[in-house]
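Chemist: Sequence unavailable; structure follows:
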């Protein structure tokens with residue numbers, strides 16, 4: 001066994017014998033870049049308290065990763081195709097690991113945001129490289145199964161992130177959630193050299209850097225607008241970003257239509273199978289990331305679970321993803337991707353519809369069924385879409401194909417957090433205002449409580465602390481009249497604190513139900529659109545005999 005794998009996948013006259021071990025390395029690389037986002041949702045409260053983050057700071061800590069990640073994928077995927085897909089994976093792991101170390105050492109909001117941006121740039125190299133190397137290494141007959149395992153890993157990472165972060169936060173600070181990425185990245189780095197064969201396009205030609213630059217501009221502006229507008233208001237920044245995104249998209253499409261070797265042939269979107277698959281991926285992750293955003297908050301703040309307990313209670317989602325992935329491997333060859341994908345999206349819609357029943361009396365048991373149904377839906381819907389998207393690209397553009405799939409995923413996730421997150425905040429604020437109407441709560445305290453569910457409980461705790469202080473003063477004062485007054489004030493404040501806590505919990509539960517209803521409607525309408533767009537089953541075209549010549553592992557038909 002060679003210490004470093006040097007034979008390119010393109011030159012092998014038979015399938016690479018260690019391809020399943022190579023898939024393990026690719027899935028491990030995928031695991032850490034997805035967990036980098038989901039783990040942060042659990043670590044965010046501790047980070048906010050330690051660094052004194054404002055809501056705007058926290059939002060950019062989360063989304064500082066997303067902007068470079070989404071914007072750079074198309075261009076970096078093309079560069080990986082031309083020069084080295086494994087090289088892109090290796091460089092991405094190094095950059096990602098370096099950003100993780102910087103995040104571990106960070107001691108300010110600016111430093112954490114910068115570290116997250118570096119990690120996002122590394123992820124933009126890793127994500128398309130994993131899919132392009134998978135497609136180059138596996139023969140077409142096995143590729144769907146390999147993509148199913150790749151997709152199941154993404155689903156596992158969504159649930160595993162909070163679990164790992166929660167375990168670390170039991171005995172360590174929030175910075176440990178950055179450092180855990182380093183040994184995993186190092187292991188994947190070693191595995192990339194030992195188990196993953198090098199690969200690059202044989203006839204990629206010159207890279208369309210003009211199209212690449214335009215793609216970076218319009219995608220970055222679009223993601224920035226998605227983040228800025230719903231969370232911070234449609235001021236000059238958001239409107240400017242919207243204008244740049246629109247103009248950049250038009251310029252990108254015109255440039256690509258006229259370029260002899262475009263970075264991305266936008267005519268592919270006229271193919272119903274390709275367009276429908278991308279729409280399904282975007283819509284599905286809009287629902288998944290949006291729901292995940294408020295479910296973790298509900299488990300932590302309203303139900304009172306700590307970080308580890310929250311991670312453990314997300315595990316039904318991960319288990320259901322693997323069951324759904326096994327089902328899609330069985331169903332898709334028999335009924336076709338249209339019905340499998342549609343069934344998965346119907347399941348996702350049903351999961352969100354189940355969450356509309358959440359109220360102030362809901363316990364964890366009320367969340368198990370939605371988590372299981374959502375996990376099954378992820379497993380059913382996503383791998384057929386990814387397989388269809390990758391199958392639309394020739395061998396020379398596998399990195400671009402992976403980037404298109406991942407950009408749809410990331411744009412959908414960003415939209416989900418921005419739109420559903422903004423709707424959640426607005427609904428919570430309105431319900432809390434109604435629930436506290438007529439109370440004597442000072443306007444500044446109410447305004448603070450309306451900012452977020454965490455802030456609401458902090459206001460309630462502050463009132464409770466003040467009540468305890470007054471009660472202690474009453475117990476130690478020698479003046480009976482003053483003691484009575486202090487005791488009365490303490491009792492009034494303690495009652496107000498309990499009412500405030502109850503109002504915050506019920507308001508957030510109502511906001512979860514309302515937001516889930518909107519999400520279910522959006523995904524339901526999207527399900528109908530995808531079902532109409534995706535074509536039915538196609539009969540496989542007869543393949544010409546090649547007089548005994550073995551077929552290369554990376555041929556795409």
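Modeler: Yep, that arrived. Since we're looking at a predicted model, the values are computed, not measured.
Chemist: contacts and neighbour counts: CA atoms only from here.
Modeler: Fine.
Chemist: going on from the helix or strand hosting residue 103, what's the next piece of helix or strand?
Modeler: Per DSSP states H and E, residue 103 falls inside helix 85-105. Moving toward the C-terminus from helix 85-105, the next helix or strand (DSSP H and E) is helix 109-137.
Chemist: tell me what that next one is packed against?
Modeler: The contact analysis (3 or more Cα pairs under 8 Å, 6 or more residues apart in numbering; DSSP states H and E) places helix 109-137 against helix 19-51, helix 55-63, helix 66-83, helix 85-105, helix 140-171, helix 398-415.
Chemist: can you do 6 Å?
Modeler: Applying 3 or more Cα pairs under 6 Å, 6 or more residues apart in numbering; DSSP states H and E, we find helix 109-137 packed against helix 66-83, helix 85-105, helix 398-415.
Chemist: In TSV: those helices, plus mean neighbour count.
Modeler: Output for the helices and strands packed on helix 109-137, formatted as TSV (neighbours: other Cα atoms under 10 Å):
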stretch	mean neighbour count
helix 66-83	27
helix 85-105	24
helix 398-415	26
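Chemist: Relative to residue 182, which of these is closest?
Modeler: helix 85-105 (5.2 Å; Cα to Cα).
Chemist: average model confidence for the closest one?
Modeler: Averaged across helix 85-105, pLDDT comes to 95.
Chemist: Which neighbouring elements make contact with it?
Modeler: helix 109-137, helix 176-179.
Chemist: try 10 Å
Modeler: Applying 3 or more Cα pairs under 10 Å, 6 or more residues apart in numbering; DSSP states H and E, one finds that helix 85-105 contacts helix 19-51, helix 66-83, helix 109-137, helix 176-179, helix 181-195, helix 398-415.
Chemist: Please name whichever of those helices is nearest to residue 371.
Modeler: Short answer: helix 19-51, nearest of the helices and strands packed on helix 85-105 by Cα to Cα, at 15.3 Å.
Chemist: Next, the angle from the closest one to helix 66-83.
Modeler: With axes from the mean of the first three to the mean of the last three Cα atoms, to 10 degrees applied, the angle from helix 19-51 to helix 66-83 works out at 150 degrees.
Chemist: Residue 124: what's it in contact with?
Modeler: Neighbour list for residue 124: 33, 65-77, 88-89, 92, 96, 118, 403, 406-407 [criterion: Cα atoms under 10 Å, 6 or more residues apart in numbering].
Chemist: Relative to residue 337, how far out is the nearest residue to residue 349 once chain neighbours are set aside?
Modeler: Using Cα to Cα, 6 or more residues apart in numbering and skipping the chain neighbours, the partner closest in space to residue 349 is residue 520 (4.9 Å). Note on residue 520: its distance to residue 337, by Cα to Cα, to the nearest Å, is 22 Å.
Chemist: neighbour count winner among the two?
Modeler: For residue 520 versus residue 337, the count of surrounding residues by other Cα atoms under 10 Å is larger for residue 337: 26 against 23.
Chemist: Thought residue 383 was touching that one, still the case?
Modeler: Yes. Residue 337 lies in contact with residue 383 (Cα atoms under 10 Å); the separation is 9.4 Å.
Chemist: Now the common contact residues for those two.
Modeler: 277, 328.
Chemist: From residue 85, how far off is residue 535?
Modeler: Separation of residue 535 from residue 85 (Cα to Cα): 32 Å.
Chemist: by contact count, what packs against the lengthiest helix in the chain?
Modeler: The residue-count maximum for a helix in the chain (DSSP state H) belongs to helix 480-533. If you count contacts as 3+ Cα pairs under 10 Å, 6+ apart, helix 480-533 packs onto helix 272-297, helix 337-355, helix 421-435, helix 443-449, helix 453-476.
Chemist: can you give me the angle the third one makes with helix 453-476?
Modeler: Angle, helix 421-435 to helix 453-476, by the same axes, to 10 degrees: 40 degrees.
Chemist: Who are the packing partners of helix 421-435?
Modeler: On a contact count with 3+ Cα pairs under 10 Å, 6+ apart, helix 421-435 meets helix 209-232, helix 272-297, helix 443-449, helix 453-476, helix 480-533.
Chemist: mind putting these in TSV, mean pLDDT included?
Modeler: Output for the helices and strands packed on helix 421-435, formatted as TSV (pLDDT from 0 to 100):
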stretch	mean pLDDT
helix 209-232	88
helix 272-297	90
helix 443-449	82
helix 453-476	84
helix 480-533	89
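Chemist: which one of those is the most hemmed in?
Modeler: Highest mean neighbour count of those: helix 272-297, a mean of 24 (counted as mean count of other Cα atoms under 10 Å).
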